[in-house]
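Participant: Predicted model, plus sequence, below.
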Amino acid sequence: MLRPGRDEDRDAFIRLIGEAWAEFPGIVFDVDAELPELHALASYFQEKGGAIWLAEGEGGPLGMVATRPLREDGAWEICRMYVDKAARGTGLAHRLLDTAEKHAAAHGAERMVLWTDTRFNAAHSFYEKRGYVRQGAIRILDDLSKSLEFRYAKPAQGLVVEALDAAAAASAERRFSEILVACVAAGASVSFLPPLAPEKSRAFWKRVSAEVAQGHVALLGAWLDGALVGTVQLQLATPENQQHRAEVVKMLVDPGFRRRGVGEALMRRAEQAALRLGRKLLTLDTRAGDDGERLYRKLGWNEGGHIPGYARDGAGQLFDTRFFYKTLG
């Protein structure tokens, strides 16, 4: 059962947090010295305009989560997200986070933010699956545990496209790898043949993250109602006599989220990003006759030519490729 938390749930909250922290050496759990709000946690979040929930089972508390508005315009924070060991892998974590995110969105949240200890690797993987990416510097806490925390964030609702820095790109590798595997399986012509092994896809995205860090690639991500569903890249490592140009590559939309404007939003934002970077000529190639070609023509791209039998599909059949360009500004 998942219900709103109460101050009377003090012992349940303390147990969940204490047992989770005890899984990691070096973490000091002193309620009175550092976490006195746990004695009346529901009131604490209510006073801040937020809310807290508790999941219970026959054996006692199974999980908790809270959310509250931040001073940043439109931002809400996910707080106190803990799941008992026995309930992990059951889907409870997703239910808890869904509840907090929906509450925040219903109260006008435009962005979700959370902080997580750098030691909580399993939590990082979970948040990354949910579309969160790392942002900003590591936070150093002046607490007994000498904690370091990562900041994760994502747009809360609507269709939003954002540029990703090196930290965000690295934290998006898992999700982008899933999208690439799904797109290749659906027949996308993006240099790979099906079936694309997840480890091969992940290795590709690790290389992309490194290129973002080196300034050779501008990487964009698209969120739809909080889910990370698409991406596109600008290849910036052009020859010295072509520094006015960039190549658009790997325009990918999760097959389950197509026909919802994601591809168009990615391409429009890529053009804006290119202009800001001083790149006024864009080029790309795509399989002749596919959805990408129709989108590029709709957005005013010009065909520069086509090559018959340029690449092979998953069945081994050769197909034609068209080349497009667009002058910006």
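Facilitator: Nice, I can see it. Because the structure is a prediction, the values reported are computed rather than measured. Numbers count the residues shown, from 1 in each chain.

Participant: pLDDT score for residue 72?
Facilitator: Note for residue 72: predicted pLDDT of 84.

Participant: Thought residue 111 was touching it, still the case?
Facilitator: Yes - using CB atoms under 8 Å, residue 72 is in contact with residue 111, at 7.2 Å. In short, each C-beta sits where N, CA and C put it, glycine included.

Participant: who's more crowded, the two?
Facilitator: Neighbour count, other CB atoms under 10 Å: between residue 72 and residue 111, residue 111 has more, with 19 against 12.

Participant: domain parsing for this structure?
Facilitator: As given by automatic domain parsing, the domain ranges for the chain are 2-155, 159-327.

Participant: end-to-end on the shortest one?
Facilitator: Taking CA to CA, to the nearest Å, the first and last residues of domain 2-155 lie 25 Å apart.

Participant: next one: the longest one
Facilitator: The first residue of domain 159-327 is 26 Å away from its last residue (CA to CA).

Participant: roughly how far is it from the heart of the chain?
Facilitator: In terms of CA atoms, centre = their mean, to the nearest Å, the centre of domain 159-327 is found 16 Å from the chain centre.

Participant: Of all the residues in stretch 262-279, which ones are buried?
Facilitator: Across stretch 262-279, burial judged by 16 or more other CB atoms under 10 Å covers 262, 263, 265, 266, 267, 269, 270, 271, 273, 274, 279.

Participant: Pick the one among the residues you listed closest to residue 14.
Facilitator: The nearest member of the buried residues of stretch 262-279 to residue 14, counting by CB to CB, is residue 262 at 43.1 Å.

Participant: Pull the most distant pair out of the buried residues of stretch 262-279.
Facilitator: Farthest apart among the buried residues of stretch 262-279 by CB to CB are 262 and 279. That separation is 22.5 Å.

Participant: Tell me where the stretch 101-250 of the chain has helices.
Facilitator: Ranges of helices in the stretch 101-250 of the chain, per DSSP state H, counting those that start in this stretch, are 121-129, 166-171, 173-185, 198-214.

Participant: which residues touch the third one?
Facilitator: In this case it means helix 173-185. If you take CB atoms under 8 Å, 6 or more residues apart in numbering as the criterion, helix 173-185 is touched by 125, 128-129, 131, 190, 192-196, 198, 201-202, 204-206, 208-209, 221, 228-231, 250, 252-256.

Participant: Mind doing that once more with 7 Å?
Facilitator: Contact with helix 173-185 is made by 125, 128-129, 131, 190, 192, 194-196, 198, 201-202, 205-206, 209, 228, 231, 252, 254-255, as judged by CB atoms under 7 Å, 6 or more residues apart in numbering.
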